[in-house]
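have a look at this prediction, sequence included:
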Amino acid sequence: MPELPEVETTRRGIAPLIIGLRVAELVLRTPKLRWPLDQQLCHRLPGLEVQAVERRAKYLLLRFATGTLILHLGMSGSLRVIPAETTENKHDHVDIIFTNGSCLRFT
């Protein structure tokens, strides 16, 4: 399980790459993670701009004008900012695709 330093390193790594970006699409490949993901997220996130990336304990918070998306890396999860056209792997669960063509991928 990622410890606090790894979670903070992840936050610092992705924040400058996604703050100010607007969500174009949310792709849920694995809706049954630890908690089921609400399919409405696919309709709620597009058009929203990432205003901040924060950390509270081992949770990462993506702040938007209308609310906050809470992420936990679980036992071995990771977040990567990659080109949106990058082919997904077996354990790539969620993509937040931005209007600039980049993607925040949760593995």
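It's in. Residues are numbered from 1 along each chain as shown.

and residue 30, what pLDDT?
What the model reports for residue 30 is a pLDDT of 75.

skipping adjacent residues, who's closest to it in space?
Nearest residue to residue 30 in three dimensions, chain neighbours excluded: residue 93, at 4.1 Å (C-beta to C-beta, 6 or more residues apart in numbering). For glycine as for every other residue, the C-beta is placed from the backbone atoms N, C-alpha and C.

buried residues in the one helix or strand residue 70 maps to?
Using DSSP states H and E, residue 70 maps to strand 67-72. For strand 67-72, burial by neighbour count (16 or more other C-beta atoms under 10 Å) applies to 69, 71.

do the same with stretch 87-100
Residues of stretch 87-100 classed as buried under the neighbour-count rule (16+ other C-beta under 10 Å) are 92, 93, 94, 95, 96, 97, 98.

mind listing residues that contact it?
Here stretch 87-100 makes contact (C-beta atoms under 8 Å, 6 or more residues apart in numbering) with 18, 21-30, 33, 37, 45, 84, 103-107.

same check on stretch 21-41?
42, 45-50, 69, 72, 74, 88, 92-100, 102.

quote the end-to-end distance of stretch 41-51.
Stretch 41-51 has an end-to-end distance of 17 Å (C-alpha to C-alpha, to the nearest Å).
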